[in-house]
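**Q** Below is the sequence, then the predicted model.
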Amino acid sequence: MLKILLKKQMAEVFRSYFYDAKKNKARSKAAVAAYIVLFVVIMLGVLGGMFTLLALSMSAPMAAAGMDWLYFALMGLLAILLGSFGSVFNCTWPRITICFCPCPFRLMRSWARGCSAFTCWG
């Protein structure tokens with residue numbers, strides 16, 4: 001069951017890589033490969049590189065100062081904060097465009113979708 005759920009979720013997340021909604025057609029194999037390579041470059045190259053450089057630049061000075069506990073606490077806190085922010089942002093992203101729309105009909109429709117009163121300013 002978990003395997004089916006994960007397969008469905010991954011297909012939903014990466015649907016835009018395989019299907020062009022504007023043209024109502026499937027993307028070519030070259031375009032799909034290019035999107036996947038771009039995703040890997042951004043995730044591993046940019047984000048991974050940025051946090052690796054941050055961790056490497058902080059680890060040696062903090063260990064030399066005897067504050068290696070603070071290093072692990074900061075890295076753990078950063079991981080928790082970014083993970084929780086990313087999951088909340090990922091879950092609410094489709095609703096943001098509807099929730100912030102000033103039209104009253106869309107505001108009522110966004111409440112029906114589950115937006116809270118704090119995000120629907122309308």
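**A** Alright, I've got the coordinates. Just so we're clear, the structure is a prediction, and the values are computed from it rather than from any experiment.
**Q** separation between the residue nearest the centre of the chain and Ala79?
**A** Geometric centre of the chain, nearest residue: Gly86, 4.7 Å, by C-alpha atoms, centre = their mean. Using C-beta to C-beta, to the nearest Å, one obtains 11 Å as the distance from Gly86 to Ala79. C-beta here means a position set from N, CA and C on the backbone, and glycine is covered the same way.
**Q** State the helix or strand in which the residue nearest to the centre of the chain lies.
**A** Secondary structure assigned from DSSP states H and E places Gly86 in helix 68-99.
**Q** For this protein, just list every one of the strands.
**A** Counting by DSSP state E, the chain has strands at residues 19-20, 25-26.
**Q** Tell me which of those lies nearest to Leu47.
**A** Closest approach to Leu47 among those is made by strand 19-20 (25.3 Å; C-beta to C-beta).
**Q** Give me the mean pLDDT for that closest one.
**A** For strand 19-20, the mean pLDDT works out to 86.
**Q** Can you name the residues in contact with stretch 53-64?
**A** For stretch 53-64, contacts defined as C-beta atoms under 8 Å, 6 or more residues apart in numbering pick out 68, 70-71, 74-75.
**Q** By neighbour count, which of those wins?
**A** Tyr71 (17 neighbours; other C-beta atoms under 10 Å).
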